[in-house]
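Novice: 3D, please:
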Amino acid sequence: MALQQRGDPVSGLTFPFEAKPGPGEAIEVAPGVLWARLPLPFSLDHINIWLVEDGDGWAVVDTGLRGHNTEALWQQLFTGPMAGRPVTKVVVTHLHPDHVGQAGWLCRHFGAPLWMTREEFLTARLLCLDVRDEPPPEAVDFYRRAGFTDTMMQTYMARGFGSFAQGVTDLPLGHCRLNDGGTIEIGGKAWEVVVGRGHSPEHASLWCAELGLLISGDQVLPRISSNVSVNLSDPEGDPLTDWLDSLELIARRVPDDVMVLPSHNEPFYGLHHRLTRLAIGHQRRLDTIIEALEAPRHAVDLLGPMFRRPLEGHDLILALGEGLAHLHCLRQRGMIARDEGADGIHYWRRLVAARDAA
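Specialist: Next comes the predicted model:
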């Protein structure tokens, strides 16, 4: 789930393109680099994909959600902007279905290799295999301990378990590994891999110093903030600290004057300003939690102060994951503690006064 930042997330940024590519169209953003868009059936209704000239063909970065409509739009791109030239590499920034969904199909269609970081590839392969009629007991316990009501649990149970595979075509058995700090050559130019964590296990952004471009995936978005969640695969993890550390790492490694090519919204300038604003947005949410813990509360009870809008269905699941990420971050900082009640439900309490946390 993409979450709006408080205040104006766009101030301090420059957007060099007024137009956006339509279905089956592409806009050149730099020599040999095309911007195309594929639709998504969510409130966030699109994903950007990047086509980079690579010898006699094209390397593609991210692939869209599995579906006949997505395939049809790829076919338009093949015969239109890509001029019938083949795909030479399929590069995926991270495992989420809107990014990896059509990767297997593209790899098979062109006989092209799949490039991903190892954690992203292996996690995607695992999730594609884990499909069940109903959530397993540890999943039920995870949400019940967070404070889900009986009604919330009934809705969750009715969803089934393992919907990931529905959005992803069959992946290849193997992959070419992207390593943090390593490079992948595309069209005779070196693109450095910059790994970030928190939104996904080992998210790869690609920085080309020669072209002055950063393909940022979901790691840096100009108008929205990527979801950072605690989930079932790492229920005691601290992904928000990982995320904040990654923002600092990107600021140290990638210069501010690059054009950022994000997975959602539009290309922009102002990388370092945006990294700062993203960190400030999360700090404000941490402050909100401290203020709301005037008495011990369940994680679910804190979603109202954090998000200030009704939440249900998939949005509720994502919001809870994000809420837990902020709680775990505060616990790691020694500012709050978690207790378990006689009913097995977790309660969170603050260890410092709100004024001392500011």
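Novice: got a pLDDT number for the nearest residue to L221 once chain neighbours are set aside?
Specialist: Of all residues not flanking L221 in the chain, P262 sits nearest, at 4.9 Å (CB to CB, 6 or more residues apart in numbering). C-beta here means a position set from N, CA and C on the backbone, and glycine is covered the same way. Looking at P262, its pLDDT stands at 98.
Novice: S163 now?
Specialist: Reported pLDDT for S163: 89.
Novice: do M1 as well
Specialist: M1 is assigned a pLDDT of 37 by the prediction.
Novice: Could you do E312 as well?
Specialist: 88.
Novice: Surely it and T155 touch.
Specialist: Yes - using CB atoms under 8 Å, E312 is in contact with T155, at 7.4 Å.
Novice: With neighbour numbers in mind, choose between these two.
Specialist: Neighbours were counted for E312 and for T155 using other CB atoms under 10 Å; T155 has more, 15 against 11.
Novice: Wait, a strand at that one?
Specialist: No - read with DSSP: H, G, I helix; E, B strand; the rest coil, T155 is helix and lies in no strand.
Novice: Who are the contact partners of it?
Specialist: If you count contacts by CB atoms under 8 Å, 6 or more residues apart in numbering, T155 has them with 312-313.
Novice: if I look at it, how far off is G313?
Specialist: Going from T155 to G313 by CB to CB, to the nearest Å gives 7 Å.
Novice: give the contact list for the residue nearest to L221.
Specialist: Neighbours of P262 in contact, by CB under 8 Å, 6+ apart: 48, 216-218, 220-222, 268.
Novice: And the helices in the stretch 251-358 of the chain?
Specialist: 271-292, 303-307, 313-332, 354-357 (DSSP state H, counting those that start in this stretch).
Novice: Other residues contacting the second one?
Specialist: Pointing back at helix 303-307 there. The contact list for helix 303-307 (CB under 8 Å, 6+ apart) reads 3, 285, 288-289, 291-292, 311, 316, 319-320, 322-323, 326.
Novice: and with 10 Å instead?
Specialist: 1, 3-4, 146-147, 285-286, 288-289, 291-293, 297, 299, 309-311, 315-316, 319-320, 322-323, 326 (CB atoms under 10 Å, 6 or more residues apart in numbering).
Novice: Contacts only, for P21.
Specialist: Contacts of P21 (CB under 10 Å, 6+ apart): 27, 29, 34-38, 46, 48-49, 77, 81.
Novice: swap that for M335, sorry
Specialist: 286, 289-290, 293, 329, 350-352, 356-357.
Novice: and the residue nearest to L221, what are its bridge partners?
Specialist: Counting by DSSP bridges, P262 forms beta bridges with G217.
Novice: host element of A190?
Specialist: Assigning secondary structure by DSSP states H and E places A190 in strand 189-196.
Novice: Counting neighbours, which bits of that strand end up buried?
Specialist: Across strand 189-196, burial judged by 16 or more other CB atoms under 10 Å covers 189, 191-196.
Novice: Now tabulate those in JSON lines and tack on distance to P239 and pLDDT.
Specialist: What follows is the buried residues of strand 189-196, written out as JSON lines (distance: CB to CB, whole Å; pLDDT from 0 to 100):
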{"residue": "K189", "distance to P239": "32", "pLDDT": "98"}
{"residue": "W191", "distance to P239": "26", "pLDDT": "98"}
{"residue": "E192", "distance to P239": "24", "pLDDT": "98"}
{"residue": "V193", "distance to P239": "20", "pLDDT": "98"}
{"residue": "V194", "distance to P239": "18", "pLDDT": "98"}
{"residue": "V195", "distance to P239": "14", "pLDDT": "98"}
{"residue": "G196", "distance to P239": "11", "pLDDT": "98"}
